[in-house]
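[1] The following comprises the amino acid sequence and a computationally predicted model.
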Amino acid sequence: MERCEILKEEYIKQVQELINNWKDKAIKLRKQGAEDDAILENIKVNVIDIFSKMFDISYNKVCNGKDEDDIKLDNLYETYLEYFNKIPKSWIEKREKDKEHGMMKEYYIEQIKLETADMVKNLFLDHYNKICEDE
């Protein structure tokens, strides 16, 4: 099995576990009457879902070709990480505007999005680095 495939399998498995955990937590929080906290868990699910889809796009773009395994893996790394530069830009801008206008609830939502994106990025990097070490 190529390293791109191994990375995809392991990374997506852990991403799916996080999605399931956050969805379960949101359901429990709703049942407890903690609607705002449940919404925050759903925001995390939405963010990780976005990046999961971007991973699939990146994978399909670079890992289905005829390049060598090392080149595919490097291209996957570069292509996928570019989304972590592009997507959060608008969240950063909105967070700053929310802070300027004293809109703390909205500010906190943008902060949760950014923290979740960082967590997902670090999760990917952990899996990528592990695959590279196992070489």
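    Happy to help now that I have it. From a predicted model like this one, the values you see are computed outputs, not experimental measurements.
[2] Assign I12 to helix, strand or coil.
    helix (DSSP: H, G, I helix; E, B strand; the rest coil).
[3] show me what contacts it?
    Residues near I12 by CB atoms under 8 Å, 6 or more residues apart in numbering: 52, 55. No exception for glycine: its C-beta is placed from N, CA and C like everyone else's.
[4] and the least confident helix or strand in the chain by mean pLDDT, what does it pack onto?
    When each helix and strand of the chain is scored by mean pLDDT, DSSP states H and E, helix 69-86 comes last, with a mean of 93. When contacts are defined as 3 or more CB pairs under 8 Å, 6 or more residues apart in numbering; DSSP states H and E, helix 69-86 packs onto helix 3-31, helix 35-62, helix 104-133.
[5] buried residues in the second one?
    This means helix 35-62. Going by neighbour count (16 or more other CB atoms under 10 Å), the buried part of helix 35-62 is 38, 40-45, 47-48, 50-52, 54-55, 58-59, 62.
[6] hmm, back to that, for K86, find the nearest of the helices and strands packed on helix 69-86.
    helix 35-62 (9.1 Å; CB to CB).
[7] and that closest one with helix 69-86, angle?
    For helix 35-62 and helix 69-86, the angle between their directions (axes from the mean of the first three to the mean of the last three CA atoms, to 10 degrees) works out to 140 degrees.
[8] Report all helices and strands that helix 35-62 contacts.
    Counting contacts by 3+ CB pairs under 8 Å, 6+ apart, helix 35-62 is packed against helix 3-31, helix 69-86, helix 104-133.
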